[in-house]
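Visitor: Here's a sequence, model it:
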Amino acid sequence: MMLETERLILRPIKESDALALFPIINDPDVASGLLTMPYPYPEDGLVPWIRKAQEAMGRKEQYHMVIVLKKPGLPMGVCSLSDLSWEHMNAELGYWLGKKYWGRGYMTEAVTGMVRFGFEELGLERIYACCFANNPASARVLEKVGFRYEGCARHEYKKDSEFVDMLHFGSLREEFLTHTAGD
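Guide: Model prediction:
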């Protein structure tokens, strides 16, 4: 399975991606926006995480895709659909990108491809995402892709021993397909 956009390829993550992804996940600026990834990231932690991601994908519980710039073809981040509920036909969107790729529209492009996959290929009805309130760039990605702001949960998460507010967003299949119809 492979998803292709104008400038990117999203493909299932594999163990050999760990070498390129480790410095990205270990960047304090990247890690500061992530909910579940520790910082500093343990050197021996990425390969086991990738193996678990592969197993979950085999069970159709999660889809962790590495984001690859077509040229030069190196991994630059990850985009995922996780916590899939086949009963309720929904999933949570997550993503992270290497700092040197920020501000170029890559994440919006990757997220659009991943959300399209979720709605068109997996048949999901709803995809949701959240980000820290102090991460306006992440919120902007979701807005550009057509996600609707659904609210702020105050002090929902504890990051680096401080409580932080979380912004919640969601998209329904029909809304997304209408939003991207001109693409």
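
Visitor: Tell me the buried residues in the helix or strand of the chain with the lowest mean pLDDT?
Guide: Lowest mean confidence among the helices and strands of the chain (mean pLDDT, DSSP states H and E): helix 28-31, at a mean of 92. Buried residues in helix 28-31, defined by neighbour count with 16 or more other Cβ atoms under 10 Å: 30-31. Just so you know, the C-beta spots here come from the backbone N, C-alpha and C atoms, and that holds for glycine as well.

Visitor: Over to stretch 119-131?
Guide: Those would be 119, 124, 126-131, for stretch 119-131 by 16+ other Cβ under 10 Å.

Visitor: Over to stretch 36-56?
Guide: Buried residues in stretch 36-56, counted by 16+ other Cβ under 10 Å: 37, 41, 46, 49-50, 53, 56.

Visitor: can you map out the strands along the protein?
Guide: In the chain, the segments counted as strands under DSSP state E are 3-4, 8-12, 63-69, 75-85, 90-97, 126-132, 148-159, 162-172.

Visitor: The closest residue to residue 3 other than its chain neighbours pairs with what?
Guide: Distance criterion Cβ to Cβ, 6 or more residues apart in numbering; nearest residue to residue 3, sequence neighbours excluded, is residue 10 at 4.1 Å. Bridge pairing for residue 10 (DSSP bridges) gives the partners residue 3, residue 67.

Visitor: still on that earlier bit, and residue 138, which of the strands of the chain is closest to it?
Guide: Between residue 138 and those, the tightest spacing by Cβ to Cβ is seen for strand 126-132, at 3.8 Å.

Visitor: got the CA coordinates for the closest one in CSV?
Guide: Output of strand 126-132 as CSV, limited to C-alpha atoms (Å, rounded to 0.1, in the frame of the first residue of the first chain):
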residue,chain,number,x,y,z
ARG,A,126,-15.3,10.6,11.0
ILE,A,127,-11.7,11.5,11.6
TYR,A,128,-10.7,13.6,14.5
ALA,A,129,-7.5,15.2,15.8
CYS,A,130,-6.2,17.3,18.6
CYS,A,131,-3.2,19.6,19.2
PHE,A,132,-1.8,21.6,22.0
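
Visitor: So which residues make contact with that strand?
Guide: Outside strand 126-132, the residues that touch it by Cβ atoms under 8 Å, 6 or more residues apart in numbering are 33, 35, 81, 88-94, 115, 118-119, 138-139, 142, 147, 150, 153, 157, 159, 164-173, 176.

Visitor: cutoff 6 Å now
Guide: Strand 126-132 is contacted by residues 90-93, 115, 118, 138-139, 142, 164, 166-172 when judged by Cβ atoms under 6 Å, 6 or more residues apart in numbering.
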